[in-house]
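Any chance you can model this:
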Amino acid sequence: MRRALPDHELVLAAPGWLADAVRAVDAVDVLVPAGAADREVPARVPWPWAPPRLAVDLHGNGPASRAVLARPAPGRLLAYADGSAPRWRPDEHERARWCRLLTWYGIRAEADDLLLRRPATASPAPGAVVLHPGADAGARRWPPERFAAVARRLRADGQQVVVTCGPGEQELAYGIAERAGLSAAAVAGAPAGLPFDTLAALVAQARAVVVGDTGVAHLASALATPSVVLFGPVSPALWGPPALPRHRPLWRPLPGDGVRPGDPHGVEPDPRLLRLAPGEVLDACAALPVCGAPDGARPAAPLAAGASGAGP
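The predicted structure follows:
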């Protein structure tokens with residue numbers, strides 16, 4: 001959007017808690033806080049200005065999200081609409097979906113053009129393997145004892161391990177650290193979570209990130225950090241990292257599963273997520289290229305593999 005409309009002021013309507021992350025994206029000029037409970041479409045977007053020249057619905061494929069953007073009476077509204085072009089594809093990857101929408105309207109967009117500038121903030125643990133066990137729904141949380149098994153093996157192999165936590169996840173993170181034999185200093189977080197610039201620096205300068213299907217996984221992709229991403233209710237074909245050697249998405253679907261077999265907002269860990277064992281995750285870690293090396297390069301000092309029997 002910035003490349004196509006360099007003289008426009010770009011306003012992003014998104015939840016207010018994303019403000020620090022939005023500031024890290026050069027393309028956005030103004031954040032208008034807009035959100036609703038349970039990820040629902042907000043009833044309105046606060047708009048105190050003159051009608052915008054252009055509005056783009058990057059939220060969904062329903063009249064609810066289009067209607068919200070239509071209320072400020074934009075000059076043009078770009079959106080998916082049932083029964084008309086461009087057509088919504090339910091099994092399309094999210095990045096490809098929104099880039100295809102813009103491309104259809106003549107705005108060049110590439111799904112793999114997703115890298116953010118690396119943060120200037122120094123990492124509190126450069127070169128560490130970062131484990132992020134949290135997620136905003138239980139369906140995407142791998143069991144803490146399995147994260148602990150991975151952390152214990154990595155530590156035994158001489159890796160520095162850091163366990164990060166979001167708001168309200170400190171007990172989870174400290175419990176994993178204790179099970180893994182890590183000190184409390186290995187936990188990075190606070191009751192309100194890490195400041196975004198600190199989190200971004202930690203991820204950007206990490207040896208690797210092991211994480212469920214949640215925001216930190218996308219941050220690792222955007223900062224070109226090697227990652228192992230654990231999927232359960234939704235296939236990585238929809239929400240996964242780019243198909244590059246530095247990213248290893250793990251998913252074990254059940255027979256007959258489609259790309260959305262579970263509820264990503266469910267309370268209990270998804271059964272597909274529970275099919276992933278620590279040894280499998282350690283093997284994926286061992287296959288990652290070293291940070292900063294060209295894709296496909298092998299690590300100079302491999303991360304631990306799971307052959308020693310680090311099972312569930």
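
Local confidence estimate at residue 83?
At residue 83, the model reports a pLDDT of 71.

OK, contacts around it?
Residue 83 makes no contacts at all, as judged by CB atoms under 8 Å, 6 or more residues apart in numbering. Glycine gets a C-beta too; all of them are placed from N, C-alpha and C.

Residue 20 now?
The contact partners of residue 20, taken as CB under 8 Å, 6+ apart, are 195, 196, 197.

mind checking how far it is from residue 195?
Per CB to CB, to the nearest Å, residue 20 is found 7 Å from residue 195.

Residue 78 now?
Relative to residue 195, and taking CB to CB, residue 78 is found at 34 Å.

surely residue 193 meets residue 173?
No: at 10.6 Å, residue 193 does not count as touching residue 173 under the criterion of CB atoms under 8 Å.

in the stretch 151-300 of the chain, which spans are strands?
Counting by DSSP state E, counting those that start in this stretch, the stretch 151-300 of the chain has strands at residues 161-164, 187-188, 208-212, 227-230, 247-250.

And the pLDDT at the residue lying closest to residue 189 once chain neighbours are set aside?
Spatial nearest neighbour of residue 189, chain neighbours left out: residue 165 (3.6 Å); criterion: CB to CB, 6 or more residues apart in numbering. pLDDT for residue 165: 94.

quick one: residue 165 and residue 222, what's the gap?
Taken as CB to CB, the span from residue 165 to residue 222 is 20 Å.

for residue 97, same thing?
Residue 97 is 17 Å from residue 222, where distance means CB to CB.

ok, residue 12 - contacts?
Counting by CB under 8 Å, 6+ apart, residue 12 touches 22, 28, 30, 31, 32.

pretty sure the last one contacts residue 15?
The reference is to residue 32. No: using CB under 8 Å, residue 32 is not in contact with residue 15; the gap is 10.5 Å.

just curious, which of the contacts of residue 20 is nearest to residue 276?
Nearest to residue 276 among the contacts of residue 20: residue 196, at 28.2 Å, using CB to CB.

Three-state assignment for the nearest residue to that closest one once chain neighbours are set aside, please.
Spatially, and ignoring its direct neighbours in sequence, residue 196 is nearest to residue 20 (3.6 Å; CB to CB, 6+ apart). Following DSSP: H, G, I helix; E, B strand; the rest coil, residue 20 is assigned to helix.

So residue 20 versus residue 181, what's the distance?
33 Å.

Break down this structure into its helices, ranges please.
Residue ranges of the helices in the chain, as given by DSSP state H, are 19-23, 63-70, 94-104, 144-156, 170-180, 196-204, 215-222, 236-239, 278-286.

any chance of those in TSV, plus mean pLDDT and distance to residue 116?
Putting these into TSV (pLDDT from 0 to 100; distance: least, CB to CB, whole Å) gives the following:
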stretch	mean pLDDT	distance to residue 116
helix 19-23	90	9
helix 63-70	89	25
helix 94-104	96	14
helix 144-156	98	26
helix 170-180	96	25
helix 196-204	95	8
helix 215-222	96	5
helix 236-239	97	18
helix 278-286	97	23
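
Of these, which is nearest residue 264?
helix 236-239 (8.4 Å).

ok, how many other residues are close to residue 158?
9 (other CB atoms under 10 Å).

er, residue 138 actually
By the criterion of other CB under 10 Å, residue 138 has 14 neighbours.

Next up, the contacts around it.
266, 267, 268, 269.

pretty sure the first one contacts residue 232?
No: with contact defined as CB under 8 Å, residue 266 and residue 232 do not form a contacting pair (9.0 Å).

Please identify which of those two sits among more neighbours.
Set residue 266 next to residue 232 and count neighbours by other CB under 10 Å: residue 232 wins out with 30 against 14.

right, and that one touches residue 135 too?
No: counting by CB under 8 Å, residue 135 is not a contact partner of residue 232; they are 9.5 Å apart.

residue furthest from the geometric center of this protein?
Distance from the centre of the chain peaks at residue 50, with 34.1 Å (CA atoms, centre = their mean).

any idea how far residue 111 lies from residue 251?
Separation of residue 111 from residue 251 (CB to CB) stands at 19 Å.

Residue 33 now?
Note on residue 33: its distance to residue 251, by CB to CB, is 34 Å.
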